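A.B. asks: return a 3D structure for these sequence lines:
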Amino acid sequence: MLLCRPAELPGPTWLLLAGLLLPFSAALEASGPLHRAVGSSVLLPGLQNITHSRSTRWEFLSGSGPQPILQHHGAVLPPAIHPAYTGRALFHPSNGSLLLEDVQESDSGTYRVTGDRESLEIQLEVLYPVSRPQLWASNLVAGAPGQLVCEVSEGRVDSISWRKDGQPLAPGRVSWLSSSSSVLLLSPAKRSDCGSYSCNASNGISWQETSLEVTIEGLSHRLKHTLRMAVVAVVFAVVSAWGLIIPVCQSQKLRIRGELWRWLSCYTCGLVCMACILDGTAGVLWMWEEGPSVAVILPEITLSYLTVVTFLVAITAIFQPADFSHLKSKKAQRAMGYAAPGAVLAVLLSSSFLIRSIYRRHEGGCTRFMDVTVLVASTAAVVALPLLAIGLCYQRTQSCPQEQDGSWIDKVSFEMSEPGPKDTIPS
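C.D. replies: Got it, this is the predicted structure:
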């Protein structure tokens with residue numbers, strides 16, 4: 001202890017105060033709290049001038065009052081130990097200390113040793129060692145609030161400290177839920193929050209630490225579904241484009257006609273209609289996650305219109321293909337002829353914008369971008385099968401030529417494969 005001598009006190013007074021302070025400081029040090037584990041032994045120190053005391057008494061101070069442990073009179077008689085402490089308490093007459101064995105949590109409290117003219121109180125805390133903390137994280141998505149939780153199931157916890165990549169974290173980011181759990185707040189989570197986090201729980205006798213590698217997801221579950229829908233819509237649009245290009249690239253003599261043209265037109269328009277629906281749904285999910293945007297709302301209106309038109313074309317091609325030959329309006333023929341190609345272009349542009357925006361959103365996290373290779377390959381293989389079947393049927397009919405009749409299906413297929421009016425509207 002460092003003692004500072006006041007200038008205003010005379011020499012004899014200062015020496016008197018110093019002599020009084022030294023015994024008190026020794027007593028305070030001796031009565032400091034002791035921590036022991038459950039099942040261990042603890043040695044409680046005795047009085048310093050025990051050799052000058054003719055009797056020594058140990059007792060436990062509980063809420064109901066002092067409970068005697070032992071009484072020792074002189075050096076001839078053995079100490080009288082209370083039955084509750086028989087076999088657990090060992091007294092050392094030479095220094096007045098008391099050894100308690102197999103201590104339990106119920107032994108925590110204040111112990112007092114009393115001599116002839118002085119006494120000493122000692123605080124004892126019997127604790128269970130802390131168990132290994134359980135460290136887990138909530139669903140961590142970039143831009144959204146998240147948290148890491150450290151929980152200790154066994155043992156009293158005096159403190160919980162956090163580290164990231166070996167460096168202590170600021171206390172302002174940590175909050176306590178209870179005496180055995182602590183929460184680290186990530187609000188909002190960002191790319192720089194990725195790393196190794198450790199949680200250290202300790203009490204007076206033990207400490208345990210647990211580490212967790214934390215990664216921040218760039219995309220939420222909703223945006224992952226949005227990406228899948230946009231990718232499938234692109235695959236549908238590309239396959240539909242092939243169904244539209246193949247008849248145009250054929251010569252007039254070898255052009256697909258008749259029933260094959262009917263099924264090809266129906267499938268192509270139906271596929272591009274489904275692409276519009278998927279792309280429109282992906283746009284709605286994107287705005288649900290990120291908020292309304294003009295760059296998404298305008299394509300949504302266009303896709304809604306194209307969905308209706310391509311759906312009507314597909315239904316007409318299935319049930320009433322003869323209606324195409326009765327179209328005399330130039331606008332109607334153009335709408336029917338260019339609806340599918342326009343829908344393919346709109347889906348490709350809109351889906352590309354969504355995929356690019358989702359990728360930028362993903363860069364806020366530290367995980368790898370979602371792999372869609374299997375999704376693209378499997379979707380393309382499935383939707384291309386009907387086109388392959390139509391192509392095989394066409395090759396079979398070409399190898400076995402038959403006399404072509406002048407049916408309305410041939411007329412319709414010719415008019416739809418070359419959009420534009422062939423007849424003029426009489427004035």
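A.B. asks: and the next element down the chain from the worst-scoring helix or strand of the chain on mean pLDDT?
C.D. replies: Least confident helix or strand of the chain, by mean pLDDT, DSSP states H and E, is helix 11-30 with a mean of 39. As assigned by DSSP states H and E, the chain's next helix or strand after helix 11-30 is strand 34-37.
A.B. asks: helices and strands around that next one, which ones?
C.D. replies: strand 42-44, strand 119-127 (3 or more Cβ pairs under 8 Å, 6 or more residues apart in numbering; DSSP states H and E). C-beta: built from backbone N, CA, C; applies to glycine.
A.B. asks: buried stuff in the first one?
C.D. replies: So that's strand 42-44. Judged by neighbour count (16 or more other Cβ atoms under 10 Å), strand 42-44 contains these buried residues: 42, 44.
A.B. asks: list the contacts of it.
C.D. replies: 34, 36, 58, 97-100, 103, 111, 113, 122, 124, 126 (Cβ atoms under 8 Å, 6 or more residues apart in numbering).
A.B. asks: same check on stretch 201-211?
C.D. replies: For stretch 201-211, contacts defined as Cβ under 8 Å, 6+ apart pick out 33, 35-37, 125, 127, 129-135, 150, 152, 155-161, 180, 196-200.
A.B. asks: and if we set it to 6 Å?
C.D. replies: The contact list for stretch 201-211, computed with Cβ atoms under 6 Å, 6 or more residues apart in numbering, reads 35, 37, 127, 129-130, 132-133, 135, 152, 156-160, 196, 198-200.
A.B. asks: hang on, the earlier thing: as a markdown table, the helices and strands packed on strand 34-37 with mean pLDDT would be great.
C.D. replies: Shown next, in a markdown table, are those (pLDDT from 0 to 100):
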| stretch | mean pLDDT |
| --- | --- |
| strand 42-44 | 93 |
| strand 119-127 | 91 |
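A.B. asks: save the ones you listed as CSV, and put in distance to residue 355 too.
C.D. replies: Shown next, in CSV, are the helices and strands packed on strand 34-37 (distance: least, Cβ to Cβ, whole Å):
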stretch, distance to residue 355
strand 42-44, 68
strand 119-127, 57
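A.B. asks: the helices in the chain, which residues?
C.D. replies: Assigned by DSSP state H, the chain shows helices spanning 11-30, 221-249, 258-290, 294-319, 330-362, 373-399, 408-417.
A.B. asks: most packed of these?
C.D. replies: helix 258-290 (a mean of 22; mean count of other Cβ atoms under 10 Å).
A.B. asks: how far off centre is that helix?
C.D. replies: 34 Å (Cα atoms, centre = their mean, to the nearest Å).
A.B. asks: which stretches of the stretch 301-427 of the chain have low pLDDT?
C.D. replies: 320-337, 398-427 (pLDDT under 70).
A.B. asks: ok so, going back, of the contacts of stretch 201-211, which belong to strands?
C.D. replies: If you go by DSSP state E, the contacts of stretch 201-211 have 35, 37, 127, 135, 159, 160, 196, 198, 199, 200 in strands.
A.B. asks: ok, residue 371 to residue 226 distance?
C.D. replies: Distance of residue 371 to residue 226, computed by Cβ to Cβ, to the nearest Å: 16 Å.
A.B. asks: got it, and residue 112?
C.D. replies: For residue 112, the distance to residue 226 equals 72 Å [Cβ to Cβ].
A.B. asks: number of residues surrounding residue 368?
C.D. replies: By other Cβ atoms under 10 Å, 9 other residues sit near residue 368.
A.B. asks: domains in this protein, by residue range?
C.D. replies: With domains defined by automatic domain parsing, the chain comprises 31-127, 134-214, 221-417.
A.B. asks: same question for the second one, mean pLDDT?
C.D. replies: By that I understand domain 134-214. Averaging pLDDT along domain 134-214 gives 90.
A.B. asks: measure it end to end?
C.D. replies: 14 Å (Cα to Cα, to the nearest Å).
A.B. asks: any idea how far residue 377 is from residue 289?
C.D. replies: 27 Å.
A.B. asks: next: residue 107.
C.D. replies: 58 Å.
A.B. asks: and for residue 192?
C.D. replies: 22 Å.
A.B. asks: what of residue 381?
C.D. replies: Counting by Cβ to Cβ, the gap from residue 381 to residue 289 is 30 Å.
A.B. asks: now residue 243
C.D. replies: 33 Å.
A.B. asks: what does residue 199 give?
C.D. replies: Residue 199 sits 32 Å away from residue 289, going by Cβ to Cβ.
A.B. asks: excluding chain neighbours, give the residue nearest to the spatially most central residue of the chain in space.
C.D. replies: Nearest to the geometric centre of the chain sits residue 139, at 1.8 Å (Cα atoms, centre = their mean). Nearest non-adjacent residue to residue 139, counting by Cβ to Cβ, 6 or more residues apart in numbering: residue 146, 7.0 Å away.
A.B. asks: which residues sit in contact with that neighbour?
C.D. replies: With Cβ under 6 Å, 6+ apart, residue 146 has these contacts: 138, 140, 186, 189.
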